[in-house]
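A.B. asks: Below are the sequence and a predicted model for it; my questions follow.
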Amino acid sequence: MAESRSQTRSIHGFHAIIAKLRHDPEAVKEIYLDANRQDGRAKDLLRHAETQGVRVIPVDGKRLDGMAPGARHQGVIALVDARIRHITLDDVLDTLDEPALLLVLDGITDPRNLGACLRVADAVGAHAVVAPKDRAVGLTDVAIKAASGAAETVPYVVVTNLARSLREMKERDIWVVGTAGEATSTLYEAQWPEATAWVLGAEGEGLRRLTRETCDALVSIPMLGSVESLNVSVATGVCLFEARRRRMAGA
Ligand SMILES: C[S@@+](CC[C@H](N)C(=O)[O-])C[C@H]1O[C@@H](n2cnc3c(N)ncnc32)[C@H](O)[C@@H]1O
């Protein structure tokens, strides 16, 4: 028992837990739900849990406070397998119900940047974050914390060869857009089809040469001040929200 507990961690809130039940149900061990919650969100959660055969234990709200001190748990906490499930690009692409919107991170090394990028990806409804296995930070505790729940909701795909994965995306009619401050085409002028993968470079190095060469297009975010570049998570937000805005506007 002690051993299995040591391999679990808790996640909080309806959005994160329902997303986990949808994308990675086998990881969810059990769910503790405030017995007073009988609203639509609680019913939605119960429905997903029942479908996946996960036990939901009704508890007093104060017990939840004790289980996750300081966390905004909204009346629900799940114990999940602490090990990260390996999700493949095909797992993600085979289950899409709209044109792909992917974030590709080419060698981010700061876990807080990775967490912030995941947070943006969640907010914009991106389908996955794709990153190389080597020379990049993994989904560490710091990254998971900085993601503020998004590490549970956005599939994180680790690949061994990023350029090959970009080519696979292109074979599946996904337009691969690299981002670089020196690109002559700006984000606001460039055109792209609906299915896109946005490639952001590492903090110091930017996009690697092979990554850059594999992209269908390179775009820059116009910089009006004196600093040379944006933080990678900020650039992620600007690009992904522009992609989402165009899609919503049908542009
Ligand atoms: C901190 S920047 C890297 C700066 C690096 N010295 C370079 O030459 O690219 C991290 C990443 O954010 C993105 N980025 C930052 N500012 C950008 C801009 N103005 N236009 C497009 N992408 C930008 C790029 O993907 C870049 O690789």
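C.D. replies: It's in. Everything numeric here is computed off the predicted structure, so don't read it as measured data.

A.B. asks: pLDDT on stretch 32-39, on average?
C.D. replies: Mean pLDDT, computed over stretch 32-39, is 95.

A.B. asks: list the buried ones in it?
C.D. replies: Using 16 or more other Cβ atoms under 10 Å as the burial criterion, the residues of stretch 32-39 that qualify are 32-34, 37. Quick note: C-beta positions are derived from backbone N, CA and C, even for glycine.

A.B. asks: Same question for stretch 105-121.
C.D. replies: Quick answer for stretch 105-121 (16+ other Cβ under 10 Å): 105-108, 110-121.

A.B. asks: now the strands for the stretch 1-150 of the chain?
C.D. replies: When assigned using DSSP state E, counting those that start in this stretch, the strands of the stretch 1-150 of the chain occupy the ranges 8-12, 28-34, 55-59, 76-81, 101-106, 128-132.

A.B. asks: Between those strands, which one is closest to Ile87.
C.D. replies: Between Ile87 and the strands of the stretch 1-150 of the chain, the tightest spacing by Cβ to Cβ is seen for strand 128-132, at 7.5 Å.

A.B. asks: Which neighbouring elements make contact with that closest one?
C.D. replies: Under the contact criterion of 3 or more Cβ pairs under 8 Å, 6 or more residues apart in numbering; DSSP states H and E, strand 128-132 touches helix 89-93, strand 101-106, helix 111-124, strand 156-159, helix 162-171.

A.B. asks: at 7 Å what do you get?
C.D. replies: Under the contact criterion of 3 or more Cβ pairs under 7 Å, 6 or more residues apart in numbering; DSSP states H and E, the helices and strands touching strand 128-132 comprise strand 101-106, helix 111-124, strand 156-159.

A.B. asks: OK, contacts around Gly181?
C.D. replies: The contact partners of Gly181, by Cβ atoms under 7 Å, 6 or more residues apart in numbering, come to 220, 223, 228-229.
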